[in-house]
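Enquirer: Below are the sequence and a predicted model for it; my questions follow.
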Amino acid sequence: MRDLVVTAMFVIAAVAAIRRPYYGALLWVWIGLMNPHRLGWGFAYDLPFAMASVVVLALGMFFSTRAIRWQSGGPAVVLILMILWMTLTSFTAILPEPSQAKLIEVLKVLGMTLVVGALVANREQIFGLVWVVAGSIAFFGVKGGIFTLAHGGEFRVWGPPSSLVNGNNELALALIITIPFLYFLANQATLARTFVLVRRIPEKWMRRALFLSILLCAVAAIGSHSRGALLAIVAMGIMMWWRSRAKLSMGVLLLVLTPAILLLMPEEWFSRMGTIETYDEDLSALGRINAWHMAVNIANDRIFGAGFATASPVVFNAYAPNPDWVLVAHSIYFQILGDHGYIGLGLYLLFWILTYRTAGRLAAMADRGPQFAWVAQLGNMSKVSLVGFAVGGAFLSLAYWDMPYYVMIILLATERYAKEVLAKTADEAAGGATKDAGSGPQRGGSAAVAG
């Protein structure tokens with residue numbers, strides 16, 4: 001039954017995508033983030049939905065009469081430089097063949113991110129992308145939150161099968177950085193209803209459903225038993241409170257909900273969270289530190305890094321303090337450092353700094369007038385999400401996961417849209433002033449003749 005539902009939804013979206021390539025972009029995002037076909041057990045499980053969505057998107061772009069407008073902001077330029085550098089490091093890798101195979105996967109993610117950005121132009125499309133990005137992850141948060149409440153937090157919550165966020169730690173971070181966008185949609189419910197899939201939902205019920213989703217996503221993140229997620233929740237919660245206009249109300253809400261959620265968790269959860277302070281006795285933490293030391297050793301020895309196949313016995317034997325302890329980096333920063341060296345890490349950090357600054361410019365548009373209130377809030381919530389990713393990502397190997405890159409696309413598309421609205425408003429104001437100036441002397445001249 002699930003296979004039939006997912007396949008039917010894909011076919012409907014694919015038909016729409018051929019007429020409007022923007023829907024093809026949303027289809028790609030949905031398949032990539034949610035992996036809906038992996039939720040079944042039948043014929044749809046192994047069908048190449050991702051490849052099919054690319055074909056549909058390409059056909060839609062080919063037949064479209066609308067101009068394709070590529071994003072040209074600073075983060076997009078740095079992303080292209082990152083792609084070029086990663087390509088170079090793959091051909092100079094310690095293990096070229098597996099590194100180049102991984103390069104193809106990464107190029108699909110990063111390259112398609114730029115394609116998606118080229119198809120998002122107006123406010124309705126921006127909200128649509130936010131809906132699909134947030135909804136694809138929130139689905140597992142709602143399901144996982146209910147599961148956690150039903151079982152008292154005894155079991156861990158897992159993510160989309162066969163995805164980069166399948167693990168409990170990875171899903172927890174995904175849910176955490178999704179919450180700010182759910183909050184944005186709830187507060188902008190009137191505009192959020194412009195998205196075609198939710199137009200018929202009453203605004204009141206949409207807002208309630210979104211706030212309930214936020215609560216369940218938070219419960220699911222805590223129920224994942226992830227220590228990195230706990231740190232990210234704390235960092236993001238502080239920033240959300242700081243950015244909120246109703247600091248007192250939000251503070252009281254956090255003080256009430258946090259103990260209530262924690263009371264549901266079993267002793268095992270508290271024992272695991274307690275190991276944050278005793279990392280030197282935790283084998284998992286020591287394994288990560290071993291991988292981090294190896295990444296630094298690689299970067300010190302090789303300007304191009306080791307390539308994508310860093311987590312291999314060959315590389316660990318050459319650079320790790322303990323060569324028998326082969327683990328992935330468990331950190332977006334050390335993952336990039338080991339894979340692509342100091343230059344790669346510099347480009348990666350520059351990319352996120354520029355993305356964060358873009359969010360800051362949008363947040364500052366609150367002073368431009370009420371029509372930019374949604375732009376400012378989107379900027380603020382994006383900043384909160386990026387902080388969560390920066391903190392939680394320090395303990396996970398998610399440097400090539402696509403969702404954070406879609407945040408960049410959302411920000412660039414919103415900034416371009418806001419600039420176009422400002423330019424149009426300025427032109428209209430200038431046109432009105434010119435018209436008034438042109439009509440003034442005529443009235444004065446007529447009066448002079450009459451006099």
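Expert: Looks like it came in fine. Every value quoted in this text rests on a predicted model; they were computed, and no experiment measured them. Residues are numbered from 1 along each chain as shown.
Enquirer: quick one: low-confidence parts of this structure?
Expert: 227-229, 243-283, 431-451 (pLDDT under 70).
Enquirer: Would you map out the domains in it?
Expert: Listed by automatic domain parsing, the domain ranges of the chain are 1-68, 72-119+281-430, 121-277.
Enquirer: Can you lay out these as TSV showing mean neighbour count?
Expert: Heads up, the C-betas are built off the backbone N, CA and C, glycines and all. Shown next, in TSV, are the domains of the chain (neighbours: other C-beta atoms under 10 Å):
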stretch	mean neighbour count
domain 1-68	17
domain 72-119+281-430	19
domain 121-277	19
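Enquirer: can you map out the helices along the stretch 151-300 of the chain?
Expert: 168-187, 189-192, 203-223, 227-243, 247-262, 267-274, 283-301 (DSSP state H, counting those that start in this stretch).
Enquirer: Out of the ones you listed, which is closest to residue 316?
Expert: helix 283-301 (6.3 Å; C-beta to C-beta).
Enquirer: who does that closest one touch, helix- and strand-wise?
Expert: helix 313-319, helix 332-363 (3 or more C-beta pairs under 8 Å, 6 or more residues apart in numbering; DSSP states H and E).
Enquirer: CA atoms only: put it into PDB for me.
Expert: Extracted in PDB, the C-alpha atoms of helix 283-301 (Å, rounded to 0.1, in the frame of the first residue of the first chain):
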ATOM      1  CA  LEU A 283      35.200   4.800  24.000                       C
ATOM      2  CA  SER A 284      33.000   6.500  21.400                       C
ATOM      3  CA  ALA A 285      34.400   9.900  22.200                       C
ATOM      4  CA  LEU A 286      38.000   8.600  22.300                       C
ATOM      5  CA  GLY A 287      37.500   7.100  18.800                       C
ATOM      6  CA  ARG A 288      36.300  10.400  17.500                       C
ATOM      7  CA  ILE A 289      39.300  12.200  19.000                       C
ATOM      8  CA  ASN A 290      41.600   9.700  17.300                       C
ATOM      9  CA  ALA A 291      39.900  10.400  14.000                       C
ATOM     10  CA  TRP A 292      40.300  14.200  14.600                       C
ATOM     11  CA  HIS A 293      44.000  13.800  15.300                       C
ATOM     12  CA  MET A 294      44.300  11.900  12.100                       C
ATOM     13  CA  ALA A 295      42.600  14.600  10.100                       C
ATOM     14  CA  VAL A 296      45.000  17.200  11.400                       C
ATOM     15  CA  ASN A 297      48.000  15.000  10.600                       C
ATOM     16  CA  ILE A 298      46.700  14.500   7.000                       C
ATOM     17  CA  ALA A 299      46.200  18.300   6.500                       C
ATOM     18  CA  ASN A 300      49.700  19.000   7.900                       C
ATOM     19  CA  ASP A 301      51.200  16.500   5.500                       C
END
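Enquirer: Determine the angle, from 0 to 180 degrees, between it and helix 227-243.
Expert: 80 degrees (axes from the mean of the first three to the mean of the last three C-alpha atoms, to 10 degrees).
Enquirer: which residues make contact with helix 283-301 from outside it?
Expert: Helix 283-301 is contacted by residues 275, 279-280, 305-306, 310-311, 315-316, 319-322, 325, 327-331, 334-335, 337-338, 341-342, 345, 395 when judged by C-beta atoms under 8 Å, 6 or more residues apart in numbering.
Enquirer: roughly how far is it from the heart of the chain?
Expert: The chain centre lies 27 Å from the centre of helix 283-301; the measure is C-alpha atoms, centre = their mean, to the nearest Å.
Enquirer: So which residues of the stretch 301-450 of the chain form helices?
Expert: According to DSSP H, counting those that start in this stretch, the helices that the stretch 301-450 of the chain contains are 313-319, 332-363, 373-392, 403-450.
Enquirer: ok, back up a step: out of the helices of the stretch 151-300 of the chain, which gets nearest to residue 80?
Expert: Each of the helices of the stretch 151-300 of the chain was scored for nearness to residue 80 using C-beta to C-beta, and the closest is helix 283-301 (22.5 Å).
Enquirer: That closest one vs helix 332-363, what angle?
Expert: 90 degrees.
Enquirer: just how off-centre is stretch 59-74 within its chain?
Expert: Stretch 59-74 sits 21 Å away from the centroid of its parent chain (C-alpha atoms, centre = their mean).
Enquirer: what does stretch 188-201 give?
Expert: 21 Å.
Enquirer: next one: stretch 176-187
Expert: With C-alpha atoms, centre = their mean, you get 11 Å for stretch 176-187.
Enquirer: what does stretch 380-395 give?
Expert: 10 Å.
Enquirer: May I have it exported as CSV, CA atoms only?
Expert: This file holds the C-alpha atoms of stretch 380-395, laid out as CSV (Å, rounded to 0.1, in the frame of the first residue of the first chain):
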residue,chain,number,x,y,z
ASN,A,380,16.4,35.2,11.9
MET,A,381,15.1,31.6,11.9
SER,A,382,17.8,30.7,9.3
LYS,A,383,20.4,32.1,11.7
VAL,A,384,19.1,30.0,14.5
SER,A,385,19.1,26.9,12.3
LEU,A,386,22.7,27.5,11.1
VAL,A,387,23.9,27.9,14.7
GLY,A,388,22.3,24.5,15.5
PHE,A,389,24.0,22.9,12.5
ALA,A,390,27.4,24.5,13.5
VAL,A,391,27.2,23.2,17.0
GLY,A,392,25.6,19.8,16.4
GLY,A,393,27.6,19.2,13.2
ALA,A,394,30.8,19.4,15.2
PHE,A,395,30.1,15.9,16.3
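Enquirer: what sits against the residue lying closest to residue 95 once chain neighbours are set aside?
Expert: Leaving aside its chain neighbours, residue 95 sits nearest to residue 309 (4.2 Å; criterion: C-beta to C-beta, 6 or more residues apart in numbering). Applying C-beta under 8 Å, 6+ apart to residue 309 gives the contacts 93-95, 98-99, 102, 315.
Enquirer: For the stretch 1-150 of the chain, which segments are assigned as helices?
Expert: Applying DSSP H, counting those that start in this stretch to the stretch 1-150 of the chain gives helices spanning 2-19, 21-34, 49-63, 74-91, 96-118, 123-150.
Enquirer: Go through those and name the closest to residue 208.
Expert: helix 123-150 (13.2 Å).
Enquirer: these two touch, right, residue 198 and residue 189?
Expert: No. The criterion here is C-beta atoms under 8 Å, and residue 198 misses it with residue 189 at 9.3 Å.
Enquirer: any shared contact partners between those two?
Expert: Common neighbours of residue 198 and residue 189 (criterion: C-beta under 8 Å, 6+ apart): residue 206.
Enquirer: Contact partners for residue 131?
Expert: Here residue 131 is in contact with 185, 192, 195, 197-198 (C-beta under 8 Å, 6+ apart).
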